[in-house]
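[1] The sequence isn't on hand, but the structure is:
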Ligand SMILES: *Cc1c(COP(=O)(O)O)cnc(C)c1O
């Protein structure tokens, strides 16, 4: 196993180099040169594995023997020891044919911990092996930053700087990032929008001398290891449902913005897991819904919604799926992406669209519909959904036939998004770790949205 780019000009990359590279050098995304296939007999044997053993099994197909078995097991054990639930991602049954998989039992109460706890430990491992300091640099609209900081705080050989838009993340998200007092963490609160933050990061990563001098590394969801870590829980949920309902057809409803979480489900399916439909749940920023329904991928106007972590117009992981849709043809994938850059749209032929619709259903959930879903599940099932999960549940209701079973991925704890929960008139009690944040001092530097200013702050942080 090695890794290649969707655009065909980068190939033969090992697992660790894939993690370090992030974006492929030719501008494409890294993918395995061949998707490993797990036989039905082997799947049967995997059914009763613990989450950690399952993760070890799934990762082993991809790690190219670059990490000794005992080290890999250790990294996995460490990464999931920080989760509050012994099952890591427990699956709860809400109605006869509907389950919710809770992905929010990690340190920052959002699903990104599942991948970033592992990535943080892996970066620390690589830093030690290669004897070099790793500088992680990223922008966040809220969840990724908190989760990435939590993944590496206090770790030797790593410094992390996260840019977030000043006062444009939820209160809990801000506190999760800025109450961390470890020396290796720098929070820059940028006077501007998330797009400004992202633009600055892009400029810095494009500055090759700067990038090389400081060993800059990325943490965003284009990193293949994030997809890989998320693939594990599809297996886990599928096996739990089979135990409860042997032989059931299983759909997954996935709240998604960057096409990251749902691509992990697609990968699990390609590996041989008998996933039926993948239901793509979005909010009013519904570019991906329109792609699945009409075969047209065209960014629309940005809208702020109750589910801000899915307020995304250009889905950074979409290119991975496009590559497979086009029959694993890198020349075609590169041509489609080139066309997208010049025309701002990708339109696929009807026969390709029917292939998309064989794997995916989709629903873009409106603001009122999202809040109504939170209200009705609270009243009728005594279960409080966060607004992202509520989009997943609304999409399940619309797209999953009554005779099929569906697992909705719950991507965040409702306490992270109390601003929306209050709108439904529900009062929640915060879990203790979140309640405790309100009494802690904050550490952040408020800065202008200029590249020069950020470079100045970074250089003083890196030479501290
Ligand atoms: C990041 C995030 C999502 C979307 O994940 P993708 O990787 O874009 O699919 C959904 N819900 C929450 C709570 C998130 O933080």
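    Yep, it's here. Quantities reported herein were computed from a predicted structural model and do not represent experimental measurements.

[2] where do the helices sit along the stretch 301-450 of the chain?
    Taking DSSP state H, counting those that start in this stretch, the helices of the stretch 301-450 of the chain run over residues 318-325, 330-343, 350-359, 367-381, 387-399, 418-423, 432-437.

[3] neighbouring contacts of the longest one?
    Applying C-beta atoms under 8 Å, 6 or more residues apart in numbering, the set of residues contacting helix 367-381 from outside is 94-95, 283-284, 305-307, 365, 383-385, 387, 390-391, 393-394, 397, 414, 420-421, 423-426. Backbone N, C-alpha and C define where each C-beta goes, glycine included.

[4] for the second one, same thing?
    Judged by C-beta under 8 Å, 6+ apart, the contacts made with helix 330-343 from elsewhere in the structure are 4-9, 28, 297, 319, 322-323, 326, 345-346.

[5] buried subset of the residues you listed?
    4, 5, 6, 7, 8, 28, 297, 319, 322, 323, 326, 346 (16 or more other C-beta atoms under 10 Å).

[6] Which ChimeraX command selects the buried ones in the contacts of helix 367-381?
    ChimeraX command restricting the contacts of helix 367-381 to the buried ones, with burial defined by 16+ other C-beta under 10 Å:
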select :94,283,284,305,306,307,365,383,384,385,387,390,391,393,394,397,414,420,421,424,426
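
[7] Show me the buried ones among the contacts of helix 330-343 that map onto strands.
    Members of these lying in strands (criterion: DSSP state E): 4, 5, 297, 346.

[8] Any figure for the gap between the spatially closest residue to the first one that is not a sequence neighbour and residue 25?
    Spatial nearest neighbour of residue 4, excluding adjacent residues (C-beta to C-beta, 6 or more residues apart in numbering): residue 11 at 4.4 Å. From residue 11 across to residue 25, the span is 10 Å (C-beta to C-beta, to the nearest Å).

[9] what touches both of the two?
    Each of residue 5 lies in contact with both residue 11 and residue 25 under the rule C-beta under 8 Å, 6+ apart.

[10] if I look at the residue in the stretch 251-400 of the chain positioned nearest to the ligand, how far off is residue 222?
    Closest approach between the stretch 251-400 of the chain and the ligand, counting by C-beta to the nearest ligand atom: residue 260, at 2.7 Å. The spacing between residue 260 and residue 222, counted by C-beta to C-beta, is 8 Å.

[11] Between the two, which is the more surrounded one?
    Between residue 260 and residue 222, counted using other C-beta atoms under 10 Å, the more crowded position is residue 260 (24 against 20).

[12] Tell me how far stretch 73-82 lies from the chain's centre.
    Taking C-alpha atoms, centre = their mean, to the nearest Å, the mean C-alpha location of stretch 73-82 is offset from the chain mean by 19 Å.

[13] wait, residue 355 sits on residue 325?
    Yes: between residue 355 and residue 325 there is a contact under C-beta atoms under 8 Å: 6.4 Å.

[14] So which of those two has more stuff around it?
    Of the pair residue 355 and residue 325, residue 325 is the one with more neighbours under other C-beta under 10 Å, namely 20 against 15.

[15] Which parts of the stretch 101-250 of the chain are strands?
    Counting by DSSP state E, counting those that start in this stretch, the stretch 101-250 of the chain has strands at residues 134-139, 158-165, 185-191, 216-217, 250-255.
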